[in-house]
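Peer 1: next input, structure requested:
(one chain, ligands or ions: 3)
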Amino acid sequence: MAFPHHTTLTRFLIEERCRFPDASGDFNALILDVAMACKSIARTVAYGELGGVLGNHAEEGGGVVNVQGETQKKLDVLSNEFFLHITEWGGHLAGMASEEMVVPYQIPAPYRRGKYLLVFDPLDGSSNIDVNVSVGSIFSILRAPQPEGNRAECDVVEADFLQPGTRQVAAGYALYGPTTMLVLTVGSGVNGFTLDPNLGEFMLTHPQLQVPLDTQEFAINASNSRFWEAPVKRYMDECLAGAAGTRGKDFNMRWIASMVAEAHRILMRGGVFLYPRDTKDAARPGRLRLLYEANPIGFIMEQAGGRASTGSIPVLEVQPESLHQRIGLVFGSKHEVERIERYHAEPVHVELDNPLFHDRSLFRACA
Ligand SMILES: O=P(O)(O)OC[C@H]1O[C@](O)(COP(=O)(O)O)[C@@H](O)[C@@H]1O
Ligand SMILES: [Mg+2]
Ligand SMILES: [Mg+2]
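Peer 2: Ligands and ions are numbered 1, 2, ... in the order given. The predicted structure is shown next:
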């Protein structure tokens, strides 16, 4: 019988821990619990209609809308439950926050006030569930601040979670695609593990992933183009002009509408993803959520030699203001993201080809 030749996630974590002889083991226990939650979600997703888990979550009186104003899917709710109940025991967590919960989750007694906070999007891309397109889970781990003042000693509050992405101690995602993968950074590069369905173990199959510096592939929801700001319009126009334009090369486009799947493609072969701030809805400065979408994916990109930005500044440097804050996000191949940042920093590009802006234009004549 052949022996499995890949390193398991457990062995990988133990070997990483050897670099920190004082570590208690709490961190590894937490990552293994998160991996267990992801395996449970993978299994549930795989049953699809046979498991009765597709469609919208409904309570008496109709569908349920989450804190984002989005209709919850049954699998959004189930995945959230898996994360909560598989990771809450053991004493490593002080609290959790998720896309599907308005306020932070308190760890039940007797395990309260562990060292870490877990923040997650239990199911990313869940609008794709009913059409059998890849979805995933995204997570971020922060250190729990020590409680201050006269606050109840064990409870976590929203302010505990409002830490910039630079303070993440680990981040990762699971992708429920043709194979289930777990991609993880503990701050020393990015490693990809594939779930062996027979052994039920994540195996290290993609060590030290690197995002190529350059790319000819972008991902953006082009239906929002009329709402884009000038630097994004300029960048996209140049990509679309292809070999005949200033970029001198043709670009390819992909849009899955599962950010986690786009992030994975970009880790594997490069690319740039944009869900920029736009003018569609003044109350929403972007579509994606800072704490459990932008920051963990941003940490992974930076650890793999890519870049993640709001368009203007590194996304990991943003000081969060609220748990469910939205933000413009651009990530992927470093040189493309830097170009987009440069366009944001430069004065607004005047479209000289547009007759309205020419010397003897309509505007000039009326001035
Ligand atoms: O429907 P749109 O505007 O293309 O948005 C797609 C984006 O929304 C998301 O699905 C949001 O995530 P959730 O499914 O967790 O709400 C991203 O994964 C994706 O990039
Ligand atoms: Mg999401
Ligand atoms: Mg989600």
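Peer 1: every contact and neighbour count from this point should use C-alpha atoms.
Peer 2: Fine.
Peer 1: write out the residues of the chain neighbouring ligand 1.
Peer 2: Residues of the chain found near ligand 1 (C-alpha under 6 Å from any ligand atom) are D121, L123, D124, G125, S126, S127, N221, A257, S258, M259.
Peer 1: got a list of what the closest residue to the fifth one other than its chain neighbours touches?
Peer 2: Spelled out, that is S126. Nearest non-adjacent residue to S126, counting by C-alpha to C-alpha, 6 or more residues apart in numbering: V135, 6.4 Å away. Each residue near V135 by C-alpha atoms under 8 Å, 6 or more residues apart in numbering is listed here: L123, D124, G125, S126, N128, I129, L175, Y176, G177, S258, V260, A261.
Peer 1: the residues of the chain next to ligand 1 in helices, which ones?
Peer 2: Using DSSP state H, M259 are the members of those that sit in helices.
Peer 1: buried subset of the residues of the chain next to ligand 1?
Peer 2: Applying 16 or more other C-alpha atoms under 10 Å to the residues of the chain next to ligand 1, the neighbour count classes D121, L123, D124, G125, S126, S127, A257, S258, M259 as buried.
Peer 1: how far away is the residue nearest to the second one when sequence neighbours are not counted from L213?
Peer 2: Spatial nearest neighbour of L123, excluding adjacent residues (C-alpha to C-alpha, 6+ apart): S137 at 4.8 Å. Using C-alpha to C-alpha, to the nearest Å, we find S137 at a distance of 26 Å from L213.
Peer 1: ditto for N198
Peer 2: Relative to L213, N198 is positioned 36 Å away (C-alpha to C-alpha).
Peer 1: and these two? Which one has more around it.
Peer 2: More crowded of N198 and L213, by other C-alpha atoms under 10 Å: L213, with 16 against 6.
Peer 1: what kind of secondary structure is the more buried one in?
Peer 2: Secondary structure, DSSP: H, G, I helix; E, B strand; the rest coil: L213 is coil.
Peer 1: contacting residues for it?
Peer 2: L213 sits next to G270, G305, G306, S333, K334, H335, E336 when contact means C-alpha under 8 Å, 6+ apart.
Peer 1: give me that answer again for 10 Å
Peer 2: Contacts for L213 (C-alpha atoms under 10 Å, 6 or more residues apart in numbering) come out as G270, G271, G305, G306, R307, G332, S333, K334, H335, E336, V337.
Peer 1: swap in Y173?
Peer 2: Neighbouring residues of Y173 by C-alpha under 10 Å, 6+ apart: 34-35, 38, 120-122, 124, 136-140, 181-185, 192, 260-261, 263-264, 293, 296-297, 300.
Peer 1: cool, A170 as well?
Peer 2: 27, 31, 118, 139-143, 184-188, 296, 299-300.
Peer 1: next, Q163: phi, psi?
Peer 2: Per-residue torsions, Q163: phi -110, psi 140 (degrees, to the nearest 10).
Peer 1: A263 too?
Peer 2: Dihedral angles (degrees, to the nearest 10) for A263: phi -60, psi -40.
Peer 1: just checking, it touches R254?
Peer 2: No. Counting by C-alpha atoms under 10 Å, A263 does not reach R254; the two are 11.5 Å apart.
Peer 1: what sits in contact with each of those two?
Peer 2: Taking C-alpha under 10 Å, 6+ apart as the contact rule, the neighbours common to A263 and R254 are A219, G271, V272, F273.
Peer 1: re the thing from before, how about a markdown table for the buried ones among the residues of the chain next to ligand 1, with distance to R289 and pLDDT added?
Peer 2: Shown next, in a markdown table, are those (distance: C-alpha to C-alpha, whole Å; pLDDT from 0 to 100):
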| residue | distance to R289 | pLDDT |
| --- | --- | --- |
| D121 | 9 | 98 |
| L123 | 13 | 97 |
| D124 | 11 | 97 |
| G125 | 13 | 96 |
| S126 | 15 | 92 |
| S127 | 16 | 90 |
| A257 | 15 | 96 |
| S258 | 13 | 97 |
| M259 | 11 | 98 |
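Peer 1: so where is the chain shaky, pLDDT-wise?
Peer 2: 1-4, 59-63, 148-153, 349-367 (pLDDT under 70).
Peer 1: tell me the domain boundaries of it?
Peer 2: Annotated domains of the chain cover 9-206, 217-345 [automatic domain parsing].
Peer 1: which of these is buried the deepest?
Peer 2: Scoring the domains of the chain by mean neighbour count under mean count of other C-alpha atoms under 10 Å gives domain 217-345 as the most buried, with a mean of 20.
Peer 1: now that domain, how far from the chain's geometric center?
Peer 2: Offset of domain 217-345 from its chain centre (C-alpha atoms, centre = their mean, to the nearest Å): 12 Å.
Peer 1: first to last residue in that domain, what's the distance?
Peer 2: 23 Å.
Peer 1: check whether it comes near ligand 3.
Peer 2: No. Applying C-alpha under 5 Å from the ion, one finds domain 217-345 separated from ligand 3 by no less than 8.8 Å.
Peer 1: quick one on the thing from earlier: ok, the residue nearest to L123 - contacts?
Peer 2: Applying C-alpha under 10 Å, 6+ apart to S137 gives the contacts 34, 37-38, 41-42, 76, 79-80, 83, 120-126, 172-176, 182, 260, 292-293.
Peer 1: which of those fall in strands?
Peer 2: Applying DSSP state E to the contacts of S137, the entries found in strands are F120, D121, P122, L123, D124, G172, Y173, A174, L175, Y176, L182.
Peer 1: reformat those residues as CSV; add distance to Q325.
Peer 2: Output for the ones in strands among the contacts of S137, formatted as CSV (distance: C-alpha to C-alpha, whole Å):
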residue, distance to Q325
F120, 14
D121, 13
P122, 17
L123, 18
D124, 16
G172, 20
Y173, 20
A174, 23
L175, 24
Y176, 26
L182, 26
